[in-house]
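Engineer: Provided below for reference: sequence and predicted model.
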Amino acid sequence: VQLQASGGGPVQAGGSLRLACRASGNLMGSYAIGWFRQAPGKERSFVGEITWSSGTVSYADSPDSVKGRFTISRDNAKNTVYLQINSLNAEDTAVYSCGTRSRYNEYDYWGQGTQVTVSS
(Lines give C-alpha, C1' and ligand atoms only; values in the text may rest on other atoms or scores of the structure.)
Protein backbone atom coordinates (compact mmCIF):
# COMPACT_ATOMS: atom_id res chain seq x y z
CA VAL A 1 0.00 0.00 0.00
CA GLN A 2 1.10 3.55 -0.72
CA LEU A 3 -0.14 6.63 1.11
CA GLN A 4 0.07 10.22 -0.02
CA ALA A 5 -1.03 13.12 2.13
CA SER A 6 -1.94 16.44 0.57
CA GLY A 7 -3.78 19.65 1.28
CA GLY A 8 -1.35 21.36 3.61
CA GLY A 9 0.04 24.85 3.24
CA PRO A 10 0.23 28.20 4.97
CA VAL A 11 -2.91 29.34 6.76
CA GLN A 12 -3.80 32.13 9.15
CA ALA A 13 -4.78 31.42 12.71
CA GLY A 14 -8.48 30.78 12.99
CA GLY A 15 -8.69 29.30 9.52
CA SER A 16 -9.48 25.76 8.39
CA LEU A 17 -7.88 23.12 6.25
CA ARG A 18 -8.93 19.77 4.90
CA LEU A 19 -6.11 17.33 4.43
CA ALA A 20 -6.44 14.24 2.28
CA CYS A 21 -4.72 10.89 2.45
CA ARG A 22 -5.02 8.87 -0.70
CA ALA A 23 -4.27 5.18 -0.49
CA SER A 24 -3.25 3.11 -3.47
CA GLY A 25 -1.89 -0.32 -4.20
CA ASN A 26 -2.88 -3.45 -2.32
CA LEU A 27 -5.26 -2.39 0.43
CA MET A 28 -6.23 -5.90 1.48
CA GLY A 29 -4.28 -5.72 4.71
CA SER A 30 -5.19 -2.14 5.55
CA TYR A 31 -7.72 -2.06 8.40
CA ALA A 32 -7.47 1.56 9.43
CA ILE A 33 -5.91 4.82 8.35
CA GLY A 34 -4.53 7.07 11.00
CA TRP A 35 -3.48 10.69 10.99
CA PHE A 36 -0.32 11.77 12.75
CA ARG A 37 1.51 15.02 13.13
CA GLN A 38 5.03 16.04 13.98
CA ALA A 39 5.71 19.54 15.17
CA PRO A 40 9.19 21.05 14.93
CA GLY A 41 11.47 19.52 17.53
CA LYS A 42 8.86 17.04 18.71
CA GLU A 43 8.08 13.41 18.12
CA ARG A 44 5.34 12.24 15.85
CA SER A 45 2.03 12.02 17.65
CA PHE A 46 -1.21 10.25 16.90
CA VAL A 47 -4.20 12.42 16.01
CA GLY A 48 -6.89 9.87 15.22
CA GLU A 49 -7.94 7.07 12.92
CA ILE A 50 -10.81 5.67 10.89
CA THR A 51 -11.49 2.11 9.82
CA TRP A 52 -12.15 1.36 6.19
CA SER A 53 -15.02 -1.05 6.65
CA SER A 54 -17.23 0.46 9.34
CA GLY A 55 -15.95 4.01 9.37
CA THR A 56 -15.37 3.87 13.11
CA VAL A 57 -13.46 6.96 14.18
CA SER A 58 -11.34 7.44 17.25
CA TYR A 59 -9.25 10.40 18.33
CA ALA A 60 -6.26 10.81 20.55
CA ASP A 61 -7.12 11.42 24.19
CA SER A 62 -4.78 14.38 24.33
CA PRO A 63 -4.12 17.15 23.87
CA ASP A 64 -7.47 18.64 24.72
CA SER A 65 -6.84 21.34 22.18
CA VAL A 66 -7.40 18.77 19.42
CA LYS A 67 -10.79 17.60 20.56
CA GLY A 68 -13.69 19.16 18.76
CA ARG A 69 -11.54 20.80 16.12
CA PHE A 70 -10.37 17.73 14.22
CA THR A 71 -12.71 15.56 12.16
CA ILE A 72 -11.73 12.43 10.29
CA SER A 73 -13.83 11.03 7.46
CA ARG A 74 -13.39 8.73 4.51
CA ASP A 75 -14.49 8.20 0.93
CA ASN A 76 -14.09 4.51 0.18
CA ALA A 77 -14.82 4.99 -3.51
CA LYS A 78 -11.78 7.23 -3.73
CA ASN A 79 -9.66 5.29 -1.23
CA THR A 80 -9.20 8.58 0.53
CA VAL A 81 -9.31 9.62 4.17
CA TYR A 82 -9.73 13.24 5.19
CA LEU A 83 -8.71 15.30 8.19
CA GLN A 84 -10.68 18.49 8.67
CA ILE A 85 -9.01 20.96 11.01
CA ASN A 86 -10.89 24.02 12.21
CA SER A 87 -9.86 27.01 14.30
CA LEU A 88 -6.22 26.47 13.47
CA ASN A 89 -3.64 27.90 15.84
CA ALA A 90 0.13 28.09 15.94
CA GLU A 91 0.36 24.83 17.91
CA ASP A 92 -1.11 23.03 14.92
CA THR A 93 1.96 23.83 12.83
CA ALA A 94 3.40 20.45 11.92
CA VAL A 95 3.95 17.91 9.21
CA TYR A 96 0.80 15.84 8.95
CA SER A 97 1.08 12.31 7.67
CA CYS A 98 -1.11 9.27 7.42
CA GLY A 99 -0.34 5.72 8.31
CA THR A 100 -1.98 2.36 8.01
CA ARG A 101 -2.30 -0.66 10.24
CA SER A 102 -3.78 -4.09 9.97
CA ARG A 103 -6.37 -5.24 12.46
CA TYR A 104 -4.98 -5.96 15.95
CA ASN A 105 -1.60 -4.48 15.01
CA GLU A 106 0.18 -1.20 15.51
CA TYR A 107 0.85 1.32 12.78
CA ASP A 108 3.79 0.20 10.72
CA TYR A 109 3.72 2.25 7.54
CA TRP A 110 3.48 5.97 6.90
CA GLY A 111 3.38 7.92 3.69
CA GLN A 112 4.95 11.27 2.94
CA GLY A 113 3.45 14.06 4.93
CA THR A 114 2.14 17.49 4.13
CA GLN A 115 3.29 20.65 5.90
CA VAL A 116 0.77 22.83 7.70
CA THR A 117 2.04 26.22 8.83
CA VAL A 118 -0.22 28.46 10.88
CA SER A 119 0.63 32.13 11.19
CA SER A 120 -0.90 34.64 13.54
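Structural biologist: All right, it came through fine. Residues are numbered from 1 along each chain as shown.

Engineer: Ends of stretch 35-52, what's the gap?
Structural biologist: 14 Å (C-alpha to C-alpha, to the nearest Å).

Engineer: Next up, the contacts around the closest residue to residue 24 other than its chain neighbours.
Structural biologist: With C-beta to C-beta, 6 or more residues apart in numbering as the criterion, residue 24 has its nearest non-adjacent residue at 4.9 Å, and that residue is residue 2. Placement of C-beta: from N, CA and C, glycine included. Counting by C-beta atoms under 8 Å, 6 or more residues apart in numbering, residue 2 makes contact with 23-25, 111.

Engineer: neighbours of residue 76, just the number please.
Structural biologist: Residue 76: 11 surrounding residues under other C-beta atoms under 10 Å.

Engineer: That one contacts residue 54, correct?
Structural biologist: No - if you go by C-beta atoms under 8 Å, residue 76 and residue 54 don't touch, sitting 10.9 Å apart.

Engineer: any idea of the pLDDT on residue 65?
Structural biologist: Model confidence at residue 65, given as pLDDT, is 69.

Engineer: ok, now residue 11?
Structural biologist: For residue 11, the predicted pLDDT is 97.

Engineer: and the gap between it and residue 88?
Structural biologist: Counting by C-beta to C-beta, to the nearest Å, the separation of residue 11 from residue 88 is 6 Å.

Engineer: between those two, what contacts are shared?
Structural biologist: 17, 116, 118.

Engineer: Let me see the contact set for the nearest residue to residue 23 once chain neighbours are set aside.
Structural biologist: Counting by C-beta to C-beta, 6+ apart, residue 79 is the residue found nearest to residue 23 once chain neighbours are left out, at 4.6 Å. Listed by C-beta under 8 Å, 6+ apart, the contact partners of residue 79 are 22-24, 27.

Engineer: and the residue lying closest to residue 51 once chain neighbours are set aside, what does it touch?
Structural biologist: Distance criterion C-beta to C-beta, 6+ apart; nearest residue to residue 51, sequence neighbours excluded, is residue 32 at 4.6 Å. Residues counted as contacts of residue 32 (C-beta under 8 Å, 6+ apart) are 49-52, 100-101, 103.

Engineer: This completes my enquiry, with thanks.
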